[in-house]
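S.K.: Model the structure of this input:
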Amino acid sequence: MESCSRVKISKIKEMEPGEKILVKGWVRTKRGNKNVTFVALNDGSSVSNVQIVLDGSKFSEESLKGVTTGASIGVFGVLVESPGKGQALEISADKLELYGTADPNSYPLQKKGHTMEFLREIGHLRPRTNTFGCIFRIRHAMAYAIHKFFNDKGFYYLHTPIITASDAEGAGAMFQVTTLDLSNPPRKECGAIDYSKDFFGKSANLTVSGQLEGELGALALGEIYTFGPTFRAENSNTPRHLSEFWMIEPEMAFYEIKENMDLAEEFIKYLVKYALDNCIEDLRFLNDMFDKELIQRLEDVVNTQFVRLSYTEGIEILINSGQKFEFPVSWGTDLQSEHERYLVEKHFKKPVILTDYPKEIKAFYMKQNSDGKTVRAMDVLFPKIGEIIGGSQREESLEKLQSRVEELHMDPSSLWWYLETRKYGTVPHAGFGLGFERLLLFVTGMTNIRDVIPFPRSPKNAEF
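M.R.: Got it, this is the predicted structure:
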């Protein structure tokens, strides 16, 4: 193969006819006759393929036998104007190198439609499809945009622990981490497992959230964010739940609920605009193939002021709507996706930020309002998704925090470090969590959360 540098297919549109070029990638399709063969090549850098023209006078049928769908090749040639539809330039090949063959009888990604369910079964190959190439390039762009947004605002990226002894949500649905012999664990006299003999000397789990540790960072550095994997051992087989997913959790000292809402709205609009500005080719493909309203919906979010109203007002709207919901609604109930989507899609027809939820349905760390019944929680609700961001002003009062821990029968000894921050220079502070995969559902138009993460983890599924 010629010594010139390889060019990514996404960069070809910046080049001129007549330039020599070296490309490498995977064959999507091959067609032709003994006089000329056309190969559509893709290298993962773009949803667009480049057409390779192989003249029969230079390449015999025998030499092209291994060039089948799924095979990997390198091609050196010259860029020429393309008479065919769909591309301005194509490559007239001079040399070809076959790197890896793909048996056409067994390669599962032949040129035909595949269901999402089937593609989940071949997670090792599905990134090679147009759909998942688009999704994972957008996923990368959104991750980069998250870091850029917070960096440009002066936030510090804090790495919070994956293994923890605390349950930030008080929900108990945690994966245990242990090195004990599970067939014969050490036990106390009462028969309970003796975790003092375990690796960490206590019971440990995979984190459900980096928030509590994030608050520690905010109470020293001012404004921080976390961005890492979190885990929930809930037996939830729904299109909206994963057992392993990524969370973005900013925490800000000296913020109250209004500043928290302002930041959440600014943040999510920034991310959606970044996708429109930098991923439009991939978005157009997903728009055309899956969701004809996708790009319009993204543009609407960027250009719309989010509605802000209290949980109590939201409940009144739902009760008076005349709508028959699967889950009946009344003050004090936790809103389901159908309730959230009604408010966003039917009533207001724009994103909604709900605030001031009943304290009984929210976590222990949320700041209590003076009415004694509600807390300064906020949920950002989006079309097609429901809740996409959940956050609150945090309770800075040691007395109120201790009282809430006792009410919920939580173990204060596992939270001693968290409670101590309220002893030493406590301040008003706030934060929120954005589920990265929920964001990607909205940005890509996909309907199942297992299709926006490369290797989904869910009950009975830890393949690949």
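S.K.: Check which helices and strands the host helix or strand of residue 354 is in contact with.
M.R.: Here residue 354, judged by DSSP states H and E, is contained in strand 352-358. Judged by 3 or more C-beta pairs under 8 Å, 6 or more residues apart in numbering; DSSP states H and E, strand 352-358 is in contact with helix 257-278, strand 307-310, helix 311-319, strand 374-382. In this view, the C-beta of every residue, glycine as well, is placed from N, C-alpha and C.
S.K.: how about 10 Å then?
M.R.: Contact partners of strand 352-358 among helices and strands, from 3 or more C-beta pairs under 10 Å, 6 or more residues apart in numbering; DSSP states H and E: helix 257-278, strand 307-310, helix 311-319, helix 337-341, strand 374-382, strand 386-394.
S.K.: Make JSON lines out of the ones you listed and add distance to residue 417.
M.R.: As requested, those are arranged in JSON lines below (distance: least, C-beta to C-beta, whole Å):
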{"stretch": "helix 257-278", "distance to residue 417": "23"}
{"stretch": "strand 307-310", "distance to residue 417": "33"}
{"stretch": "helix 311-319", "distance to residue 417": "31"}
{"stretch": "helix 337-341", "distance to residue 417": "34"}
{"stretch": "strand 374-382", "distance to residue 417": "22"}
{"stretch": "strand 386-394", "distance to residue 417": "15"}
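S.K.: Turn the ones you listed into CSV, including mean pLDDT.
M.R.: What follows is the helices and strands packed on strand 352-358, written out as CSV (pLDDT from 0 to 100):
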stretch, mean pLDDT
helix 257-278, 98
strand 307-310, 98
helix 311-319, 98
helix 337-341, 95
strand 374-382, 97
strand 386-394, 96
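S.K.: And residue 330, its phi and psi?
M.R.: Main-chain torsions, residue 330, degrees, to the nearest 10: phi -160, psi 160.
S.K.: Going forward, the N-terminal residue is numbered 239.
M.R.: Sure, I'll start counting at 239 from here, so that last one is residue 568.
S.K.: which residues touch it?
M.R.: Shown in contact with residue 568 (C-beta atoms under 10 Å, 6 or more residues apart in numbering): 553, 556-557.
S.K.: repeat that for 8 Å
M.R.: 553, 557 (C-beta atoms under 8 Å, 6 or more residues apart in numbering).
S.K.: Where does the prediction get shaky in the stretch 289-438 of the chain?
M.R.: Applying pLDDT under 70 to the stretch 289-438 of the chain picks out residues 405-410.
S.K.: how about the helices of it, start to end?
M.R.: Under the criterion DSSP state H, counting those that start in this stretch, helices of the stretch 289-438 of the chain are mapped to 354-359, 368-390.
S.K.: Show me which residues of the longest one are buried.
M.R.: Right, the one you point to is helix 368-390. By neighbour count with 16 or more other C-beta atoms under 10 Å, helix 368-390 contains the buried residues 368-377, 379-380, 383-384, 387-388.
S.K.: And for the first one?
M.R.: Burial within helix 354-359, assessed by neighbour count using 16+ other C-beta under 10 Å, is assigned to 357-358.
S.K.: now do stretch 459-479
M.R.: 460-466, 468-472, 478-479.
S.K.: likewise stretch 526-540?
M.R.: In stretch 526-540, the ones that count as buried by 16+ other C-beta under 10 Å are 529, 532-533, 535-536, 539-540.
S.K.: re the thing from before, of all the helices and strands packed on strand 590-596, which one is nearest residue 696?
M.R.: With C-beta to C-beta, the closest approach to residue 696 among the helices and strands packed on strand 590-596 belongs to helix 575-579: 17.4 Å.
S.K.: contact partners of that closest one?
M.R.: 478, 552, 556, 563-565, 567, 590, 617, 619, 621-625.
S.K.: For that helix, buried residues please.
M.R.: By neighbour count on 16+ other C-beta under 10 Å, the buried set for helix 575-579 is 575, 577-579.
S.K.: Assign a three-state SS to residue 275, would you?
M.R.: Counting by DSSP: H, G, I helix; E, B strand; the rest coil, the backbone at residue 275 sits in strand.
S.K.: out of everything not next to it in sequence, what's closest to it?
M.R.: Counting by C-beta to C-beta, 6 or more residues apart in numbering, residue 292 is the residue found nearest to residue 275 once chain neighbours are left out, at 4.2 Å.
S.K.: Next: residue 613.
M.R.: Nearest residue to residue 613 in three dimensions, chain neighbours excluded: residue 604, at 3.9 Å (C-beta to C-beta, 6+ apart).
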